[in-house]
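>>> Kindly return the folded structure for what I paste below:
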Amino acid sequence: MSLTSYTFLTAIILIVAGFILISNTSKIKEFIKNFPRSNKSSVVLLSIALFWFQYQHVRNLGEADFGDYKLVIGLIGCFIAISSYFFIQDFLSVRASCILFLFYSREVLDAAFLQEPQSRLFLVSIIYFIITFSIYFGAWPFRMRDFLNWLYNKRLRHLLLGCSFLVYGSLLIGVALTY
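Model (predicted):
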């Protein structure tokens, strides 16, 4: 995909996340607060992350990158994903979402590589924030539970974060139209 496509996709993701945070329904709030320990979310997100790893990274290995061992690397990836569900089930949905964010960030940064600095500045800024967020919460996933409890402790906090996601997503759409 191109830089424009990734900018639009990131903008749509931010706008949807902003609307979700702004919405004040109890079901959405309950789902978000229960997300870090959700078994259903962990299965879905870990499956998507495993498929993405197999399809995008293992399939494209060259000979210099251990390409002769694609099957072995693929089986090891499957073993790690399945065993992590059984042995480290606690906060697995947070870890799996962090994996997906990091995979997405790599794709976006690859698309932004060697583009004009002015055109990629806004997209790359949010992507670096996502990378920092993913590394932090991937290393300490219980902090996501604490962050979500803090976020929904006062009404203004999640509204402010949702509005900032909406504004930045709208800004990214405007930037994407200028490419």
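
>>> for the host helix or strand of I80, packing partners?
Assigned by DSSP states H and E, I80 belongs to helix 70-87. Using 3 or more CB pairs under 8 Å, 6 or more residues apart in numbering; DSSP states H and E, the elements in contact with helix 70-87 are helix 39-52, helix 92-112. C-betas here are computed from N, CA, C, even on glycine.

>>> Just send those back as a markdown table, with mean pLDDT and distance to A139 too.
Below are the helices and strands packed on helix 70-87 laid out as a markdown table (pLDDT from 0 to 100; distance: least, CB to CB, whole Å):
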| stretch | mean pLDDT | distance to A139 |
| --- | --- | --- |
| helix 39-52 | 91 | 16 |
| helix 92-112 | 92 | 9 |
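
>>> Of those helices, which stretch is the most buried?
helix 92-112 (a mean of 20; mean count of other CB atoms under 10 Å).

>>> and whatever helix or strand comes next after that helix, which residues are buried?
Following helix 92-112 in sequence order, the next helix or strand is helix 117-139 (DSSP H and E). By neighbour count on 16 or more other CB atoms under 10 Å, the buried set for helix 117-139 is 119-120, 122-124, 126-127, 130-131, 133-134, 137-138.

>>> if we take those, which one ends up nearest to Y152?
F137 (16.5 Å; CB to CB).

>>> List the residues that contact the closest residue to the closest one other than its chain neighbours.
Closest residue in space to F137, ignoring its immediate chain neighbours: M144 at 4.9 Å, by CB to CB, 6 or more residues apart in numbering. Counting by CB atoms under 8 Å, 6 or more residues apart in numbering, M144 makes contact with F35, P36, F91, V94, F137.

>>> Next one: M144, what pLDDT does it get?
Note on M144: pLDDT of 92.

>>> Please apply the same query to D65.
So D65 comes in at 68 (pLDDT).

>>> The one 3 residues further on too?
Per-residue confidence (pLDDT) for D68: 75.

>>> Quick check: the gap between it and L61.
Distance, D68 to L61, using CB to CB, to the nearest Å: 9 Å.

>>> neighbour-wise, which of the two wins?
L61 (15 against 11; other CB atoms under 10 Å).

>>> Ramachandran coordinates for that one?
Torsion angles at L61 (phi, psi; degrees, to the nearest 10) stand at phi -70, psi 130.

>>> give the contact list for it.
L61 makes contact with G67, K70, I73, according to CB under 8 Å, 6+ apart.

>>> Then R37?
R37 makes contacts with D90, F91, S93, R145, as judged by CB under 8 Å, 6+ apart.
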